[in-house]
Structure formats: structure tokens, C-alpha cells
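A.B. asks: here are the coordinates; sequence isn't available:
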């Protein structure tokens, strides 16, 4: 079983028909193609032959039917925030830009669900929902689209309490490779009604179909929220606090680690005041006023025992937002350490009991490598990143960064972990997939790909090494 | 795309080889075959040609390789508690009984996960875990196996708080139709590392592979638990209380409805004292002592407003257990209303805002039908059952029961619901699948089936009408 991408053809055959369909929304201009040549990663840019800005499901369906007929690659594109090469058109073809499909089609406040188009960003959605007392919790930090978040099975800071896209998507509308449109899932909280097609497309990285509508599970804005920051003498003390907190079953809403290098970067980039360049935890608690107090006191006691100091509170929305804005900008703060830099980003995730080994091991690897790589992560889930800051024009340095990435990932796999907690496989993590799943499971994945995309036109070259 | 079951052959070709492999664990005796001829449902029994009791993954692999080679049907069998005909060997072949694979292979208390064989029942697992302060929350009530619960995407009373098998399975070992063995998922809380094969097999009802190991997510036994019972003057008042409770975001651990018919049956069957034959809610709250008190008081206030009376508490383990034992025995209490009876069971699930329409509509349908059908259900998820009590030897009555079932399901689908919240499709709900998903999505499901089981040997005749 292997994907049949050998016969893929250039886009010339479809461009006239696409222009007839889309008018000015079919672009072959250099600047637009350049913009769609890669995400925020360090992959080698590849120009698509054209960029198609779709406005409706019907258009997506017709674009795919055409490209399928002619064997032309299609690479779905949202906000272009991928860190693993997902949106790089490595075999040319059409970059299918869904970022103009931004309608919020339904909000069912009483059932806490909504239906959105894939180009809606999580911030747009939360702005829209705020007056209704609802929010969508999955928060990867970047200005990503809901469609892209589905495609990569995204998670982020709130996942420790609210789950990832796997848990928070109720259903999808998907356009298949040949243009057929299906609806998956439904509006109920649970169902035992056939194969779980929703979860099959969540995390499929644009290789099985193009997501054109998303039904999301929403949550009530908690009655009470408080954030806290705690600094530690050592990274080991901070990690120990995370492990003890999680093992105590305290339902923290967020628990994020920033090592002293990342803290220095954030203090500088986000003008954070009152903090030292020490390993730090950012925390948030959601619940009733009494529940939030109870949770926070429990974590404060654990932190104090580990030598944590300055358990600082931020219960008002403004200081909470400033804090989380700094956390969200951690990636930009990291690459701002060197002008013009980009990042090779690790994304490992391990069982919580192995987090200290994984994280302190990564720290040692970084020190030995001589590279600059702040550590930041969603440690409540056992997931953290090292943003290895590189000069994008220095292939030798990029290769050293990938070597460091491979070392950190290899240790994670040895500890029962995964190469990707939330960024996805894309181009960057393909080599680990077989080691992680074994050849037979990978053959099943390839079989699913061949079934749903027999001509291999959907985001070819991603996830699998051919 | 359709499943290639036309060429299935009788089991004679494999029985000598299976006997050589399994010895006395390959049975062709009438009593054992009869026992494996159906579950707890009202489907017409079909005898398998033989029953194979597997003890290891290796044996399951060899059994499947043989049956695949010879085109012989294989029907996985656990505790035989299916209510939708899943274990009925409608095309003969081998009933593959996994109930002797009962090892708990690993418990990782610090990561709150475990690895079990598929024949472990949820009670066995929870008995095993109790001393470690952990529990597995998914609780369909019956004495079902973990493997069967995976196969049907089971849920039950605790799902409103802890999720279903979809959310609580971290990974699987699966034997594919041809005997190849794959491992899916992993030990981390989240991952973005390729297609979600775990969720593909969860709810696949034995039609895509045979589950031989299950890695489960466990939970800490809550610090405090309390149960409560509240009775209502009308079914509408009880349903209204459920909807208001869920919409308030109170994290109830269980919220179950029993209509007055079901209450009468339970009072008689389980010798429940101190209750009237009124529509009733059974509730449970988990958390810290203060959190549990807060939740319960909030629900009590909502119930009182709806006219609920006798909000009775049970904080000690013994009275809590007696209460939930009665709830778990509701199915048996229902069919005990008529000696020798069985049940045609509806299993609809709707968005919570439509629950009153669905449930009160079902109540009217039952009254109009003249049949006896207690209502009981996991209403926090919008899921409830009507156990339509029938004489299993009266085909005309069974047909009337199915007609009632179809009416209740049709309304649920009109309300944005599903034909099955947790029991699965099996034989009984196949006719609804196309209406629910549409022909294109069903074609995708059939395509997945054809890819993973090209000869159609795995539980043929289930889920799809050929």
C-alpha cells in the first residue's frame, strides 16, 4: 500500500478552469504565491503554481473535482502558522486558501455548540462568543484558523483541562479528494453510530480531505478565573511541581513552564515587570469562586514545598490577559533573540511521570549543542517545545538544529512519548512516524490514505515519506 | 464500494487447523454454540459453526490468518451483553470468544493509565484498581468486557462527567483481518502523530479488526462523593431539571432519569424503599468536599423550583452502592415486568435543548402503542432508553416493538440526534445509518471497511445493510 503520487501533473491543465470559476480569487502573482510557499517554519519554500481563494463549499468541491480529474496537487492553507511544513507545496499545484471562509454559521447557546467555516480564527470566534457567556477553549496561542487547528489536532494551553481538538470537535463537513462532500459527526455529546469519521479527519493534516465546516463544542465562561505565576530556583523544582500537581488531580485550567532562557526572552519582548530570569510556571484556575481558591491554594502549597517563590496572583482580567499575552508571544520572543531568525521547534509529549527526564534531558542536550533554544510548554499534558533559534539562511545551522530535535525526540520515544504533542507531522516529523507506530500501523495509515485519496493529490509529501 | 461478503465460505475448512491450535478451546458442542448465538437482544439466534476461545494475541492472529485465507466469518464475542445483535453470527463461521483474556497487564498509577486484555470486565478492573486509589469511570451498567465496550464505543452513567470510551482509551492492540497485529495510540494524554487509528477502531463493532489489548486512561477516586435522589410530579419537571442543570454547567458525575414505570419496576425488583412511583432523578457528585456540597446545593435549588421533592442524600458508600445497583439493574427490572421477556431497546441521543421534546414524545408514542416500555437514561448526555418489553417468542409483538423504536428514532433524528448514543448499530440500527450520515459518508465508511477487511470476514452483516 503506497500513495500514488508519482503521476501528479502540473497545474497548467486546471488554471484556466479555476480562473473561470474564481475570477480574481485565482492568483498566479509572485507575491501571493510566495506568501503561500511555506508556513512559519524553516522548511525550504516551494511556490504553488497558483493560489485559489475559495469562498464556499461548492467552490472547494469544484476545485477538488478539477484537480482530481487532472491529477494536480492541492495543499490546503489557513493562516499559514504551521511549524512543520504542512502548507509548503513541495510538489507545486494549487494552494487552496480557506482563510476567506470566516462565517460563524450557527451558535446554539443552549447546547453549547457552534458551526463555523474553517477560516475563522480562534480569536475571532471567542470575540464573537464573549457576549453569549461562552468560549472555545482550545488555544494554541498563534493566530491560527479553526480549520487548521482541526487538521493538525491542535491543543495548547487550555488542553490540560478542556482537551484538544480531538475532544472539542463534534462534527465536520469535508470535501473529499474527488469533490464529493460529506458530513461527519453530529450535534450530540456522544454517539455510537458508525465509524468515527470526525476523528479520522482531525489530525489528518490535509491529506485525506479538505475541511469546509466545523461543529465545535463550546464551554461556559467560568464563574471565576484566577491566574498565578510562580518562580523556582531550578528547572527540576518547577517540573516537580507540575508532576505533583497533576498527580494530585487538581483540575488546573493551564499550567505552563518557561525555562530561564524563555523567561529572559519574554521579559524583554513583552516588557514583563517584576519577574526574575528563573524557571517559571504560569497557572490558571477556572471554576466557582470557592473552587478556584481551593485549587490555587493546593498548588501554592505544592510549589512552596519545591522552593517556589512569589506565587503572584492576577484575578483581574487585565493582568491575566497581559500574562497570557506574554505566554502566547513566547515563540516570537524566542525568535526575537536573534534578528531575522526562525525556529526549528520540537514538540514532544511524554507520560507525566517521565516529564522530568524528558525536559531536563532536553535541557542538557541544548547546553551540549551550543544552540539557543528556550524551553516552553504545556507541561500539564507532558508536552513541551524547544524553540531552536536559527538563521534561516544558514543550512548548516538548520541541520544542527534538526540534529538536536532528533536527539530530544529519540529520548521522548524511549520514555513512551510521541514526536508531536500538537504541531503535527508535516514534513519535519515524518522520519519518526514509523519508529513510533511500527511498519504495520503505518501501512494501515497508508491504506486509509490510498482509499480516500487514490490519486494522492491531497497535500502530497506530507506525513509519509514515500 | 461495498463489502465483499458474497464469497464467504463455511467454517469446515478451518476447524481442523483451529482444533490443532486450540485443543479443547475450540468447541463445536451444541450448548456452547447456542450460548454464542446471540447477545441479550431479541435478534433471531444464529449458531456459529464453532466457538474459538483465544488466550493470546498470537492465537487471535493465527485464527484470523486462517479464517482470512479460507474466507470464513469471524464474530468477536466478549460477555455477550450486546443489545443490538453484534455477536449474532448471522453468516455462521467462528465466534471468537475473548472472555478468557482477562489479564491486567500494567497499571501505571503515577500516569493514571493501565493496559488490559479485552476480556477484563469493568467490575474486575475496578476491583483491581480500588486499593490504588484509581478507577475506570466508563460504566454502562452491565457486566460487559472492556473489549466489547471499545467495540461499541460504550458510555453509561458516568459519561456526562468523564466521557465515553472515545475519550478514555489511549491506545489499542488490534489484530487485522489477515492476522497482522498493530498497536495504535500511546501513553501520552495527547498526540498529533498521524491518523487517529485508535478512534477508528473504537465503535467499529468488530467489523475492522479484533481488539486484543486496551490502554485505558484512569482517574483518581474523588476525595468526596455524594449521591442524591429526587422525585418529580411530572416527567416534564424531571427533564426540565436535567436541562437546567446541564445548561448551568454544574459538573454532575451522573444524572439519570427513570420514569414512573421504570421506578415501579426498580422498586419491585431491587426492593428500593422509601420511594414513590414517580419520575425520578438519580444524581451523583464528585469532587472535593466543598465542591460536592456546592454542586449538590445548586442542583437541589433547580430541582425545587421544578417541584422536585425528597432530595434524599446518600453520602455513605453503602447506600450509594444500593442506589446505583438498582439503577444498574434497571434493565433486568424492566424485563422482569413479564416472565421470560426480553427487550427491544431504543438508545437515542439528542442535543440537550431537545431532550424534553424527544423524551416526552417517546412517552406519548409508548402510550399510543399499548406496549410496556419503561424509560431510563443518561439524560445529562441527552441519551435515554426505552426498554420495550416483549415476548421473545411472539414475532408480531417484536415487530410492533421495532415499529415503536423506529418512531422514537425518527423523532430523534429530526431533532438533530442520533439513533444510538451508546449501544451501537449492530443489526438493529442499520436502517438508520444512511439517513443519519447520508449516502456519501456511508460510502466512505464502506470504503474503510473494504480497505481493512477486503474479504469481509469480520462480523459480516453488521453496521451495513449489504
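C.D. replies: Done, it's in. Computed from a prediction, not measured in an experiment: that's the story for all the values here.
A.B. asks: Tell me where the stretch 51-200 of chain A has strands.
C.D. replies: A:74-77, A:94-97, A:104-108, A:113-116, A:134-135, A:169-175, A:181-185 (DSSP state E, counting those that start in this stretch).
A.B. asks: mind checking which helix or strand residue A:334 is in?
C.D. replies: helix A:330-335 (DSSP states H and E).
A.B. asks: who touches the next helix-or-strand element following that helix?
C.D. replies: For helix A:330-335, the following helix or strand on the C-terminal side (DSSP H and E) is strand A:342-345. Residues from elsewhere that reach strand A:342-345, judged by Cβ atoms under 8 Å, 6 or more residues apart in numbering or on different chains: A:40-42, A:83, A:331, A:334-335, A:385-390, A:392, A:398, A:401-402, A:404-405, A:423, A:428. C-beta here means a position set from N, CA and C on the backbone, and glycine is covered the same way.
A.B. asks: What about these, which are in helices?
C.D. replies: Among the contacts of strand A:342-345, the members found in helices (DSSP state H) are A:331, A:334-335, A:398, A:401-402, A:404-405.
A.B. asks: Which pair of those residues spans the longest distance?
C.D. replies: A:331 and A:402 (18.0 Å; Cβ to Cβ).
A.B. asks: Looking at these two, which is more packed in?
C.D. replies: Comparing residue A:331 with residue A:402 by other Cβ atoms under 10 Å in any protein chain shown, the one with more neighbours is residue A:331, at 23 against 17.
A.B. asks: Chain neighbours aside, what residue packs nearest to that one?
C.D. replies: residue A:387 (6.1 Å; Cβ to Cβ, 6 or more residues apart in numbering or on different chains).
A.B. asks: Test my guess that the one you found contacts residue A:335.
C.D. replies: Yes: in this structure residue A:387 lies within contact range of residue A:335 using Cβ atoms under 8 Å: 6.8 Å.
A.B. asks: Tell me which of the two has more neighbours.
C.D. replies: Neighbours were counted for residue A:387 and for residue A:335 using other Cβ under 10 Å; residue A:387 has more, 28 against 23.
A.B. asks: Could you point out the bridge partners of that one in the sheet?
C.D. replies: residue A:345 (DSSP bridges).
A.B. asks: Model confidence for it, exactly?
C.D. replies: For residue A:387, the model assigns a pLDDT of 96.
A.B. asks: OK, contacts around it?
C.D. replies: A:262, A:330-331, A:334-335, A:343, A:345, A:373-374, A:376 are the contacts of residue A:387 under Cβ under 8 Å, 6+ apart.
A.B. asks: give me that answer again for 7 Å
C.D. replies: By Cβ atoms under 7 Å, 6 or more residues apart in numbering or on different chains, the residues touching residue A:387 are A:331, A:334-335, A:343, A:345, A:373-374, A:376.
A.B. asks: now residue A:459
C.D. replies: Here residue A:459 is in contact with A:75-76, A:205-207 (criterion: Cβ under 7 Å, 6+ apart).
A.B. asks: Save those residues as a markdown table, and put in distance to chain B too.
C.D. replies: Output for the contacts of residue A:459, formatted as a markdown table (distance: Cβ to the nearest Cβ, whole Å):
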| residue | distance to chain B |
| --- | --- |
| A:75 | 18 |
| A:76 | 16 |
| A:205 | 9 |
| A:206 | 12 |
| A:207 | 9 |
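A.B. asks: quick check, nearest of those to residue A:410?
C.D. replies: Checking the contacts of residue A:459 one by one against residue A:410 (Cβ to Cβ), the nearest turns out to be residue A:205, at 22.4 Å.
A.B. asks: For chain B, see how far away residue A:274 is.
C.D. replies: 31 Å (Cβ to the nearest Cβ, to the nearest Å).
A.B. asks: From the chain's centroid, how far away is stretch A:27-44?
C.D. replies: 19 Å (Cα atoms, centre = their mean, to the nearest Å).
A.B. asks: any bit of that stretch sitting next to chain B?
C.D. replies: No: contact between stretch A:27-44 and chain B is absent, the nearest approach being 14.5 Å (criterion: Cβ under 7 Å from any Cβ of the partner chain).
A.B. asks: swap in stretch A:405-416?
C.D. replies: Yes: counting by Cβ under 7 Å from any Cβ, chain B is contacted by stretch A:405-416 at residue A:416.
A.B. asks: so for that stretch, what's the average pLDDT?
C.D. replies: 97.
A.B. asks: ok, and the closest non-adjacent residue to residue A:42?
C.D. replies: residue A:342 (4.8 Å).
A.B. asks: so where's chain A uncertain?
C.D. replies: A:1-7 (pLDDT under 70).
A.B. asks: one more time with 80
C.D. replies: Applying pLDDT under 80 to chain A flags residues A:1-7, A:312-315, A:466.
A.B. asks: Now do the domain split for it, please.
C.D. replies: What automatic domain parsing lists as the domains of chain A is A:104-220, A:224-332, A:334-426.
A.B. asks: I'd like these as a markdown table, with distance to residue A:453 appended.
C.D. replies: Shown next, in a markdown table, are these (distance: least, Cβ to Cβ, whole Å):
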| stretch | distance to residue A:453 |
| --- | --- |
| domain A:104-220 | 4 |
| domain A:224-332 | 32 |
| domain A:334-426 | 16 |
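A.B. asks: which stretch among those domains comes nearest residue B:120?
C.D. replies: That would be domain A:104-220 among the domains of chain A, by Cβ to Cβ, at 20.4 Å.
A.B. asks: And that closest one, how far out from the chain middle?
C.D. replies: Per Cα atoms, centre = their mean, the centroid offset for domain A:104-220 relative to its chain is 13 Å.
A.B. asks: Kindly report the same for stretch A:76-89.
C.D. replies: 11 Å.
A.B. asks: who in the stretch 51-200 of chain A is up against chain B?
C.D. replies: So the stretch 51-200 of chain A meets chain B at A:108, A:110-111, A:152-153, A:155, A:159, A:164, A:166-167, A:180-184, A:186-197, A:199-200 (Cβ under 7 Å from any Cβ).
A.B. asks: So what's the gap between stretch A:93-110 and the chain middle?
C.D. replies: Worked out by Cα atoms, centre = their mean, stretch A:93-110 lies 17 Å from the chain centre.
A.B. asks: what does the stretch 351-466 of chain A put close to chain B?
C.D. replies: Going by Cβ under 7 Å from any Cβ, the residues of the stretch 351-466 of chain A near chain B are A:351-353, A:381-383, A:416-425, A:433, A:436-438, A:440-441, A:444-445, A:447-448, A:451, A:463.
A.B. asks: In helices, which of those fall?
C.D. replies: A:433, A:436-437, A:440-441, A:444-445, A:447-448, A:451.
A.B. asks: if I look at the closest residue to residue A:90 other than its chain neighbours, how far off is chain B?
C.D. replies: Once flanking residues are discounted, residue A:90 sits nearest to residue A:461: 4.2 Å by Cβ to Cβ, 6+ apart. Here residue A:461 is placed at a distance of 15 Å from chain B (Cβ to the nearest Cβ).
A.B. asks: Fine by me, thanks again.
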